[in-house]
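S.K.: Sequence first, then the predicted structure, then my questions.
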Amino acid sequence: MTKKEAAKRIAQLRKTINYYSYQYHVLDKLDISAAAWDSLKHELKQLEDAFPDLITPDSPTRRVSGQPLDKFIKVSHKERMLSLEDAFSPEETAAWQERIQKLVSASAKSAASNPRDKLDYFAELKIDGFAISLVYKDGLFAVGSTRGDGRTGEDVTQNLKTIESIPLKLEIRNGWPNDNIKKKVEALVKKGEIEIRGEVYMTKSAFKKVNREREKEGRPLYANPRNTAAGGIRQLDPKIAADRQLNFLAYDIVSDLGQKTHREKHQIARALGFKTDIGGYCRNLDEVIAFWERVEKKREKIPFQIDGLVVQVNSDNLFKKLGVVGKTPRGAIAFKFRPAETTTVVEDIIVQVGRTGALTPVAKLRPVKIGGVVVTRATLHNEDEIKRLDVRIGDTVLIQRAGDVIPDIVGAIKKMRTGKEKKFVMPKNCPICGGQVVRSEGEAVHRCVNKKCAVIQKRQINHFASRKAFDIDGLGPKIVAQLMNEGMISKSSDIFTLQEGDLIPLERFDQKSAKNLINAVKESRRITLSKFIYALGIRHVGEETAINLANYFSRLEKIKKAKLDDLLKVKDTGEIVAKSVREWFNDKSNQKLLADLVENGVEIEKQKTVKRKLAGKTFVLTGQLEEFTRDQVKDRIRRLGGDVSSSVSPETDFVVAGAEPGSKYDRAKKLGVKIIGEKEFKEMTR
Ligand SMILES: [Zn+2]
């Protein structure tokens, strides 16, 4: 290959590689295979090795080319690199707006102008990364530096060159705010200087990958993506920076390119081939707060770590006018998310039985606000985890809430111990069914050996929450299964301990649905005795029997103590039903359930004496009814307090006559007893 041919091929390769680099690192897509892309890079490298004088500083191969440095050179920033003041709540952000509004009004000449109408904002993700400045000379990446003390930073150009989302050469792409800006930039890319600022960061997946490799090699793991990114940039050997798979997001343009707003700065950066975040223009502070809430909710799903939003007045002119106090500009603020870590006390460690029979220890916490919601429990996963954390009942602990899971305990604060803390012991018997608890070899999880245990429990909870029982709106089988899976509930009484904040972090829940369910649970706590008995799911005790029991005993205490003989006196209650009721109330775990229900706020309404409109009336049946069997007719009469007799006498109040009545009909006529037909009977017993 001649040098001329090589030069042509090299130019073509660079163009193609840069194209895919932009696609992959800025647009997050890649249309060719990674192998093909690597192969192109390899060919370019070989050609450049063969013709070293064709190497240019903006060649993609130059990304990792620098020799390790002895020390960093100092760079002074043309314009100071500032830090931001923090706001931790919507209220604090509103206070910030008020402060700047006052300044704006004071400087406004016309008293008629209302500054409130003019304050609009640009809000963007606040990446947990490392701020840097990039200077391009004649379109080529020339100097990259750290913030340092704001006035002077360190030259880390070689390391920054390893970051593929930093263009080595500026390109004029699409999406310019206007033609004037585009023309100005085009001129400066040919001859002149452009300074861009942004954040170097590591994605969560790159961080995990790097740590996995380190683990394999037996090297100590990095603590977090931010420090790893910062450490990578501040290494003298660019190969180390390259290994960390760093990324860059642009958020500021220092040079005057004719931009009037912060929003335009983002547009310009994108049009020059930089990656920018999904930030948004906000017409007012309400929109800023709504955006903040939306982002906070999905922050776990964002591929890099963020700790809030950067909010600034959109007008560049106003931003400059507002000036700087100390090291922070007045026109911008770091609107931090609510802390996802806090401390509280472990009041108890309970064991929940999940859907698969796995026993999960769960810490019952002193209620505490975290990430904006009150939580009362944190999962402890299993016995080993408790041992590893050395968490004891009574301990003060640090908890964190990360995304869509119930909070985790990070560790116990041992300095807070008084000596009264108790160690947790995994129970030998299942707290639900009393079955044996075993831990299979090689498994971290303890399980109840009773395979049916969890299945029965799930069925029981579903029955408990169903329409004819506690009638809890929104607590259908799917949600029951989910709550059991998450270790939030394992028996009916647990339902009443749930808090809004326990539900919000879970999948399928948001603030509104969590609130609705908690309200529904609250409302369901007052219940009639008959529905309560039905809800317990006692074998052979359906709705009717529950009503009969409630009517007869009128108080739960009486049913609890009722002897078999007493139970047999209840209407329609035979031996089987009576025994089943007796056995249920004799069972220790059922007694515990009743106690828990009461303790958790369930209130049984006193059984109202049903108005028995047929009390004292005697009926005799004759003939065939169309709609009812004889038993059903009897049932209807008895339920309303009436009696059924087999023969007609002067004491008989009604004879219910169907088709082909017998001698009873004639006798009733003779005695002057009232005879009613099916329709009338139906009306009467409705
Ligand atoms: Zn069990």
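M.R.: It's in.

S.K.: Any idea what the residue of the stretch 201-350 of the chain found nearest the ion is bridged to?
M.R.: With C-beta to the ion as the measure, Ile350 is the residue of the stretch 201-350 of the chain nearest to the ion, at 14.4 Å. Glycine gets a C-beta too; all of them are placed from N, C-alpha and C. Beta-bridge pairing of Ile350 under DSSP bridges involves Val362.

S.K.: ok, now which ones touch it?
M.R.: Contact analysis of Ile350 by C-beta atoms under 8 Å, 6 or more residues apart in numbering lists Pro361, Val362, Lys364, Pro431.

S.K.: What I need now is these written out in TSV, including neighbour count and distance to Ile676 for each item.
M.R.: Shown next, in TSV, are those (neighbours: other C-beta atoms under 10 Å; distance: C-beta to C-beta, whole Å):
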residue	neighbour count	distance to Ile676
Pro361	21	65
Val362	22	61
Lys364	16	61
Pro431	18	56
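
S.K.: now, among those, which is nearest to Glu193?
M.R.: Within these, the smallest distance to Glu193 is 59.7 Å, found for Val362 (C-beta to C-beta).

S.K.: and the residue of the stretch 451-600 of the chain found nearest the ion, what does it touch?
M.R.: Here the stretch 451-600 of the chain gets closest to the ion at one residue, Cys453, 3.0 Å apart by C-beta to the ion. Neighbour list for Cys453: Val353, Gly357, Cys430, Ile432, Cys433, Gly435 [criterion: C-beta under 8 Å, 6+ apart].

S.K.: Can you narrow the residues you listed down to the ones near the ion?
M.R.: Cys430, Ile432, Cys433, Gly435 (C-beta under 5 Å from the ion).

S.K.: Now do stretch 528-546: distance from first to last residue.
M.R.: 11 Å (C-alpha to C-alpha, to the nearest Å).

S.K.: List the buried residues for that stretch?
M.R.: Buried residues in stretch 528-546, defined by neighbour count with 16 or more other C-beta atoms under 10 Å: 528-538, 541, 545-546.

S.K.: what about it, distance to the chain center?
M.R.: Here the centre of stretch 528-546 is set off from its chain's centre by 37 Å, with C-alpha atoms, centre = their mean, to the nearest Å.

S.K.: Which helix or which strand is home to Lys102?
M.R.: helix 90-107 (DSSP states H and E).

S.K.: Please spell out which residues along that helix are buried.
M.R.: Buried-residue list, helix 90-107, by 16+ other C-beta under 10 Å: Pro90, Thr93, Trp96, Gln97, Ile100, Leu103, Val104.

S.K.: Which positions within stretch 150-158 qualify as buried?
M.R.: Residues Gly153, Glu154, Asp155, Val156, Thr157, Gln158 are the ones in stretch 150-158 that count as buried (16+ other C-beta under 10 Å).

S.K.: now, which of these lie within strands?
M.R.: Per DSSP state E, strands hold the following members of the buried residues of stretch 150-158: Gly153, Glu154.

S.K.: Also near the ion: which of the buried residues of stretch 150-158, exactly?
M.R.: Okay, of the buried residues of stretch 150-158, nothing touches the ion (C-beta under 5 Å from the ion).

S.K.: for the closest residue to Arg392 other than its chain neighbours, phi and psi?
M.R.: The shortest distance from Arg392 to any non-neighbouring residue, by C-beta to C-beta, 6 or more residues apart in numbering, is to Glu421 (3.8 Å). Note on Glu421: its backbone torsions stand at phi -70, psi 150 [degrees, to the nearest 10].

S.K.: And for Gln139, the neighbour number?
M.R.: To be clear, residue 139 is Gly; Gln isn't right here. Gly139: 23 surrounding residues under other C-beta atoms under 10 Å.

S.K.: what's the answer for Leu236, then?
M.R.: Leu236 has 16 nearby residues by other C-beta under 10 Å.

S.K.: sorry, back to before: just the closest of the buried residues of helix 90-107 to Asp566, please.
M.R.: Ranked by distance to Asp566 (C-beta to C-beta), these are led by Pro90 at 61.5 Å.

S.K.: Buried residues of the helix or strand that contains the residue of the stretch 451-600 of the chain closest to the ion, list them for me.
M.R.: Counting by DSSP H and E, the element that carries Cys453 is helix 452-465. Within helix 452-465, the residues scored as buried using 16+ other C-beta under 10 Å are Cys453, Ala454, Gln457, Lys458, Gln460, Ile461, Asn462, His463, Phe464, Ala465.

S.K.: For those residues, point out the one with the lowest pLDDT.
M.R.: Ranked by pLDDT, those bottom out at Ala454, which has 82.

S.K.: Does that residue touch Gln352 like I think?
M.R.: No: the pair Ala454 / Gln352 is not scored as a contact, 10.4 Å apart, by C-beta atoms under 8 Å.

S.K.: what touches both of those two?
M.R.: Joint contacts of Ala454 and Gln352 (C-beta under 8 Å, 6+ apart) are Met484.

S.K.: can the buried residues of helix 90-107 go into a markdown table with extra columns for pLDDT?
M.R.: Below are these laid out as a markdown table (pLDDT from 0 to 100):
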| residue | pLDDT |
| --- | --- |
| Pro90 | 90 |
| Thr93 | 93 |
| Trp96 | 94 |
| Gln97 | 94 |
| Ile100 | 92 |
| Leu103 | 87 |
| Val104 | 84 |
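
S.K.: All the helices of the stretch 101-250 of the chain, in order from the start?
M.R.: 157-160, 179-190, 204-216, 225-233, 238-243 (DSSP state H, counting those that start in this stretch).

S.K.: of these, which approaches Gln46 most closely?
M.R.: Using C-beta to C-beta, the helices of the stretch 101-250 of the chain put helix 238-243 closest to Gln46, at 19.3 Å.

S.K.: other SSEs contacting the closest one?
M.R.: Applying 3 or more C-beta pairs under 8 Å, 6 or more residues apart in numbering; DSSP states H and E, one finds that helix 238-243 makes contact with helix 157-160, helix 225-233.

S.K.: Could you list the low-pLDDT ranges of this structure?
M.R.: For the chain, the stretches with pLDDT under 70 are 28, 30, 34-35, 64-70, 108-118, 339, 355, 371-372, 402-406, 607-611.

S.K.: In the lengthiest helix in it, which residues are buried?
M.R.: Looking across the chain with DSSP state H, the single longest helix is helix 3-25. Buried residues in helix 3-25, defined by neighbour count with 16+ other C-beta under 10 Å: Ile10, Leu13, Arg14, Thr16, Ile17, Asn18, Tyr20, Ser21, Tyr22, Tyr24, His25.

S.K.: One more: stretch 187-204?
M.R.: Result for stretch 187-204 [16+ other C-beta under 10 Å]: buried residues Leu188, Val189, Ile194, Glu195, Ile196, Arg197, Gly198, Glu199, Val200, Tyr201, Met202, Thr203.

S.K.: which of those lies closest to the ion?
M.R.: Nearest to the ion among the buried residues of stretch 187-204, with distances taken as C-beta to the ion, is Thr203, at 43.2 Å.

S.K.: how close does the residue of the chain most remote from its centre get to Pro650?
M.R.: In the chain, counting by C-alpha atoms, centre = their mean, Lys670 sits farthest out from the average C-alpha position, at 77.8 Å. Distance of Lys670 to Pro650, given as C-beta to C-beta, to the nearest Å: 10 Å.

S.K.: Appreciated, that's everything.
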